[in-house]
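K.L.:
what's the 3D shape of this:
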Amino acid sequence: MEVQPIRCKKEIERMKQSLHGRDLLLFIIGINTNLRISDILPLTREDFDGDHIRVKEKKTGKYRLIRINDSIRKAIAELAPPSGNLFPSRKGDKQIRNTQAYRRLTEAAERAGLPYNFGTHSMRKTWALHAYKNGQDLATIQKALNHGSQRETLRYIGIVQDTLDNLFDSVNL
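P.N.:
Numbering: from 1, shown residues only. Predicted structure coming up:
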């Protein structure tokens, strides 16, 4: 079961309305960065320097700077604890686990009535899809996602099928 990006802003808003607190913060950071869930959950307040998030990616071991946009800045100010883990577990000092994040987000997606498979990776795909829809260069998105080809990036965000559907819709003889 392959997860899908959230395709329209109305669905993003419904998703936001179905979340609160820590889980809303997780979602906002997830859809406004291209970070994997394994890189989001360990974030602390100290990883934010005002303009960027400094992250060491688990998959690549490389450090990255992710620009903080206004949505993230506002969410941090309103929803984040003053210090320490951004996504604390209710059981101790550690952050929530991937499985807990998955459960919370998929339950919210169900409440929001999203019509496709949603998982934690949907947030990364949502970022990429909306970057593409906003006119960002495909090569830049490919580089940001660390993909090997533009074809991989198009398939990843579901553009190939969307493009074909639009083509057939446009030839309405």
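
K.L.:
now the longest helix along the chain: buried residues?
P.N.:
Counting residues, the longest helix in the chain under DSSP state H turns out to be helix 98-112. Neighbour counts over helix 98-112 (16 or more other CB atoms under 10 Å) mark Q100, A101, Y102, R104, L105, T106, A108, A109, A112 as buried. Glycine gets a C-beta too; all of them are placed from N, C-alpha and C.

K.L.:
so where is this structure shaky, pLDDT-wise?
P.N.:
Applying pLDDT under 70 to the chain flags the ranges 160.

K.L.:
strands of that one, start to end?
P.N.:
For the chain, the strands defined by DSSP state E occupy 52-56, 63-67.

K.L.:
name the residues of the first one that are buried.
P.N.:
Just to be clear, that refers to strand 52-56. Buried, per 16+ other CB under 10 Å, within strand 52-56: I53, V55.

K.L.:
mind giving me the packing neighbours of it?
P.N.:
strand 63-67 (3 or more CB pairs under 8 Å, 6 or more residues apart in numbering; DSSP states H and E).

K.L.:
go with 10 Å
P.N.:
Judged by 3 or more CB pairs under 10 Å, 6 or more residues apart in numbering; DSSP states H and E, strand 52-56 is in contact with helix 37-40, strand 63-67.

K.L.:
before we move on, the earlier item: export the longest helix of the chain as PDB, just CAs?
P.N.:
Provided in PDB are the C-alpha atoms of helix 98-112 (Å, rounded to 0.1, in the frame of the first residue of the first chain):
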ATOM      1  CA  ASN A  98       7.500   6.400  14.500                       C
ATOM      2  CA  THR A  99       4.600   4.000  15.200                       C
ATOM      3  CA  GLN A 100       2.900   6.500  17.500                       C
ATOM      4  CA  ALA A 101       3.300   9.300  14.900                       C
ATOM      5  CA  TYR A 102       1.900   7.000  12.200                       C
ATOM      6  CA  ARG A 103      -1.100   6.100  14.400                       C
ATOM      7  CA  ARG A 104      -1.900   9.700  15.300                       C
ATOM      8  CA  LEU A 105      -1.600  11.000  11.800                       C
ATOM      9  CA  THR A 106      -3.500   8.200  10.100                       C
ATOM     10  CA  GLU A 107      -6.300   8.600  12.600                       C
ATOM     11  CA  ALA A 108      -6.400  12.300  11.800                       C
ATOM     12  CA  ALA A 109      -6.500  11.600   8.100                       C
ATOM     13  CA  GLU A 110      -9.400   9.300   8.700                       C
ATOM     14  CA  ARG A 111     -11.200  12.000  10.700                       C
ATOM     15  CA  ALA A 112     -10.400  14.500   7.900                       C
END
